[in-house]
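[1] Can you look at this prediction? I've put the sequence above it.
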Amino acid sequence: MFSQPGKTKFQVDLRQHLRDQNISGNLVHLICEVAEASKYVINAVRTGDLGVAGTSNLYGEEQLALDVLSDRIMRKRLQHSGVVCNIASEEMEEIFQVTSNPQGMFSVAYDPLDGSSLVDVNLAVGTIVGIYQGQDLLQPGRKMVGAMYILYGPRVSLVYSVGKGVYEFTMNQLMEYTLTREQIQMKPCGDIYSPGGLRKKYNESNERFIRYLEEKGSKLRYSGGFVPDINQILMKGKGLFMYPALDGSPNGKLRLLFELNPMAFLLEQAGGAATNGEIPILDIEPEGLDQRCPVYIGCREDVSKAGEFLNGTC
Ligand code: AFP
């Protein structure tokens, strides 16, 4: 089962595990650097200033001090990793170029603290990271070489994939990440759903889809944090998260580069699916850093059913 003979899964640490995945040493180093950065983000979340920063992000949203601090922690770590050429952050207006030489390098798109507005009510939040080979960040998500998130909840967990399955690591008392789940798999359909956005702004098709889910016995599970809501679906292996087009917001709310592509990569790697209601999220050609799109992500049969309601065949 585990690649480290003589070790139980709880003793396999992240770096050892990654080295056994037959991936480049630079990618191992990059994932480990993100893991290290998360330890400083955890400290900021647990003890940091919950006030506003007096600035706004590329979406014009007011930044919290934690947003800015978490972004700085991630950016500095990636900038000095020696394996990153370009950085895009949900909290930065422009792409940050570390080096013009992409040889052996990666480009990283991240949301440093997704759900940051939930910290002051003590709900779980997370860091979301998408990894591309070379310097081009505006590629379809299917071109990613890896994706990961860190969930700052009652426990701190790190979930990643480099295209060889999905793995979960959990932080122990020494702040080390040790393997807790491997080759995570989604069931074909599930019985929980996470409906984002204001229901009164749903169109008729989405409203009918919600009624379908409820009639088949699905339970509503929604925290307002994309990372914990997706993590619940991934770890239970069942369910669907949706943030649809809303009246007045045809592209929904969630960001393609920083939120949807990384999570779509992970869910597809776990045998799930993620679409905008029509095509896979990972096949969408990004038009800009700030692109948003509707999302249906989770069990593949539930995602497919959403598409049927949206195209009128159901
Ligand atoms: P913030 O990062 O502004 O807190 O938004 C979090 C988020 O982008 C994502 O984590 C949630 O799934 C989604 O917004 C919740 O949006 P609603 O509050 O509109 O349901």
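    Perfect, I can see it now. Numbers count the residues shown, from 1 in each chain.

[2] number of nearby residues for the spatially closest residue to Gly197 that is not a sequence neighbour?
    Leaving aside its sequence neighbours, Gly197 sits nearest to Leu246 (Cβ to Cβ, 6 or more residues apart in numbering; 5.0 Å). The way it works is simple: take the backbone N, C-alpha and C, and place the C-beta from them, glycine included. Number of residues near Leu246 (other Cβ atoms under 10 Å) recorded here: 20.

[3] how close does Leu246 sit to Leu213?
    For Leu246, the distance to Leu213 (Cβ to Cβ, to the nearest Å) stands at 18 Å.

[4] ok, now Val129?
    Distance, Val129 to Leu213, by Cβ to Cβ: 30 Å.

[5] next one: Lys201
    Distance of Lys201 to Leu213, computed by Cβ to Cβ: 18 Å.

[6] now do Lys305
    Lys305 sits 8 Å away from Leu213, going by Cβ to Cβ.

[7] Please apply the same query to Gly134.
    For Gly134, the distance to Leu213 - Cβ to Cβ - is 40 Å.

[8] The two: who's more crowded?
    Comparing Gly134 with Leu213 by neighbour count (other Cβ under 10 Å), the higher total belongs to Leu213, at 24 against 16.

[9] how about the nearest residue to that one once chain neighbours are set aside, secondary structure?
    Once flanking residues are discounted, Leu213 sits nearest to Tyr193: 4.8 Å by Cβ to Cβ, 6+ apart. Secondary structure state of Tyr193, per DSSP: H, G, I helix; E, B strand; the rest coil, is strand.

[10] for Tyr193, what are its contacts?
    By Cβ atoms under 8 Å, 6 or more residues apart in numbering, the contact set of Tyr193 is 210, 213, 218-221, 239-242, 302.

[11] do that again at 7 Å, thanks
    Residues counted as contacts of Tyr193 (Cβ atoms under 7 Å, 6 or more residues apart in numbering) are 213, 218, 220, 239-240.

[12] Show me what it is bridged to.
    Legend: beta-bridge partners of Tyr193 under DSSP bridges are Leu220, Leu240.

[13] Thought Lys201 was touching the residue nearest to Gly197, still the case?
    Yes: contact criterion Cβ atoms under 7 Å: Leu246 and Lys201 qualify, at 3.9 Å.

[14] Span of stretch 258-276 from start to end?
    Stretch 258-276 has an end-to-end distance of 15 Å (Cα to Cα, to the nearest Å).

[15] Which strands and helices lie in contact with whatever helix or strand His17 lives in?
    Counting by DSSP states H and E, the element that carries His17 is helix 14-19. When contacts are defined as 3 or more Cβ pairs under 7 Å, 6 or more residues apart in numbering; DSSP states H and E, helix 14-19 sits against helix 25-47.

[16] After the helix it packs on, which helix or strand is next?
    Sequence-wise, the next helix or strand downstream of helix 25-47 (DSSP H and E) is strand 52-56.

[17] Check the gap between Gln291 and the ligand for me.
    To the ligand, Gln291 is 14 Å away according to Cβ to the nearest ligand atom, to the nearest Å.

[18] same question, Glu259
    As judged by Cβ to the nearest ligand atom, Glu259 and the ligand stand 6 Å apart.

[19] Do me a favour and get the backbone dihedrals for that residue.
    Main-chain dihedrals, Glu259, degrees, to the nearest 10: phi -120, psi -50.

[20] For the remainder of this discussion, apply numbering that starts at 34.
    Sure, I'll start counting at 34 from here, so that last one is Glu292.

[21] right, and it touches Pro145 too?
    No: look at Glu292 against Pro145 with Cβ under 7 Å: they stay out of range, at 11.8 Å.

[22] do the lowest-mean-pLDDT helix or strand in the chain and the ligand meet?
    Using mean pLDDT, DSSP states H and E, strand 95-97 stands out as the lowest-scoring helix or strand of the chain, at a mean of 79. No: judged by Cβ under 6 Å from any ligand atom, strand 95-97 makes no contact with the ligand; its nearest approach is 8.9 Å.
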